[in-house]
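Participant: got a sequence here, can you model it:
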Amino acid sequence: MTTKKIVIIVSSIVIGLGLLIALFIAAIVGTVFYSIANSDAAVVAKEYLKNSETLKSDIGELKDFGTFITGNINVNNANGQATLYLKAIGERRDAQATVSLIYRSGHQWRVTEASYKNAAGQTIDLLNPYEPPPESSPEP
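Facilitator: Residues are numbered from 1 along each chain as shown. All right, here's what the predicted structure looks like:
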C-alpha cells in the first residue's frame, strides 16, 4: 500500500467518526429542545402569554410561537421550577418573552413571573404581583 492510500483511508475514517459524533450531538440537542418545547411548563407558559391583554395590545393577537423554546426546567421530587424563553409571534410584530413557573407538591405549574421586550427594547412585566391571579389557573 502506498502512503497516499493510507492517508486517504485514515482521513476517511476520521471524517466518518467526526460525522458520527456530530450526528450524536445533534440528536441530544434536538431531544433537549423537543422536551422543553413539549413540557407541561411550556404549555402553561404559552397559555399565559396567549391570554395576556398587555402582550396582545402591543404585538397583536398571538398567532404562534417560535420553533425553539429555550430555558431550564428543574424538577426535584414533587416540586419544580422553570424559566422559559419564547418568541411570541403576533399579528403586528414578534416579541421575546420570558416566563418563570413553579409547582409545589405535584400540583400544576403556576406562572410566577412573565415579561417581554417591546419594540423599544424595554422589558414589560406581564404579571403584577399585587393583582389577584387570573381565574383560568385555580389552585387545586
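
Participant: report the buried residues of stretch 56-63.
Facilitator: K56, D58, I59, L62 (16 or more other CB atoms under 10 Å). Bear in mind the C-beta positions are built from the backbone N, C-alpha and C, glycine included.

Participant: quick check: the farthest pair among those residues?
Facilitator: Using CB to CB, the two most remote members of the buried residues of stretch 56-63 are D58 and L62, lying 10.9 Å apart.

Participant: need the residues touching each of the two.
Facilitator: Taking CB atoms under 8 Å, 6 or more residues apart in numbering as the contact rule, the neighbours common to D58 and L62 are G90.

Participant: among the buried residues of stretch 56-63, which are in helices?
Facilitator: K56, D58, I59 (DSSP state H).

Participant: out of those, which is nearest to I102?
Facilitator: For these, the minimum distance to I102 (CB to CB) is 24.8 Å, reached by K56.

Participant: for the helix ranked longest in the chain, give the mean pLDDT please.
Facilitator: Longest helix in the chain, counting residues (DSSP H): helix 3-37. For helix 3-37, mean pLDDT rounds to 93.

Participant: with pLDDT added, can I get the buried residues of stretch 56-63 in CSV?
Facilitator: Formatted as CSV, those follow (pLDDT from 0 to 100):
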residue, pLDDT
K56, 93
D58, 93
I59, 94
L62, 92
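
Participant: who are the packing partners of the longest helix of the chain?
Facilitator: Judged by 3 or more CB pairs under 8 Å, 6 or more residues apart in numbering; DSSP states H and E, the packing partners of helix 3-37 are strand 70-76.

Participant: ok, and what's touching the strand it packs on?
Facilitator: Identification of contacts with strand 70-76 by CB under 8 Å, 6+ apart yields F33, I36, S39, A41, G80, Q81, A82, T83, L84, Y85.

Participant: please name the strands paired to that strand in the sheet, noting orientation.
Facilitator: Here strand 70-76 is paired, per DSSP bridges, with strand 79-90 (antiparallel).

Participant: buried set for the strand it pairs with?
Facilitator: G80, Q81, A82, T83, L84, Y85, L86, K87, A88, G90.

Participant: mind exporting that strand as PDB, just the C-alpha atoms?
Facilitator: The C-alpha trace of strand 79-90 is given here as PDB (Å, rounded to 0.1, in the frame of the first residue of the first chain):
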ATOM      1  CA  ASN A  79     -41.500  20.300  43.300                       C
ATOM      2  CA  GLY A  80     -40.200  22.100  40.300                       C
ATOM      3  CA  GLN A  81     -39.200  25.500  38.800                       C
ATOM      4  CA  ALA A  82     -38.700  26.600  35.300                       C
ATOM      5  CA  THR A  83     -37.600  29.600  33.300                       C
ATOM      6  CA  LEU A  84     -38.600  29.600  29.600                       C
ATOM      7  CA  TYR A  85     -37.700  31.900  26.800                       C
ATOM      8  CA  LEU A  86     -40.200  32.000  23.900                       C
ATOM      9  CA  LYS A  87     -40.600  34.000  20.700                       C
ATOM     10  CA  ALA A  88     -44.200  35.300  20.700                       C
ATOM     11  CA  ILE A  89     -45.400  35.800  17.100                       C
ATOM     12  CA  GLY A  90     -48.200  38.400  16.900                       C
END
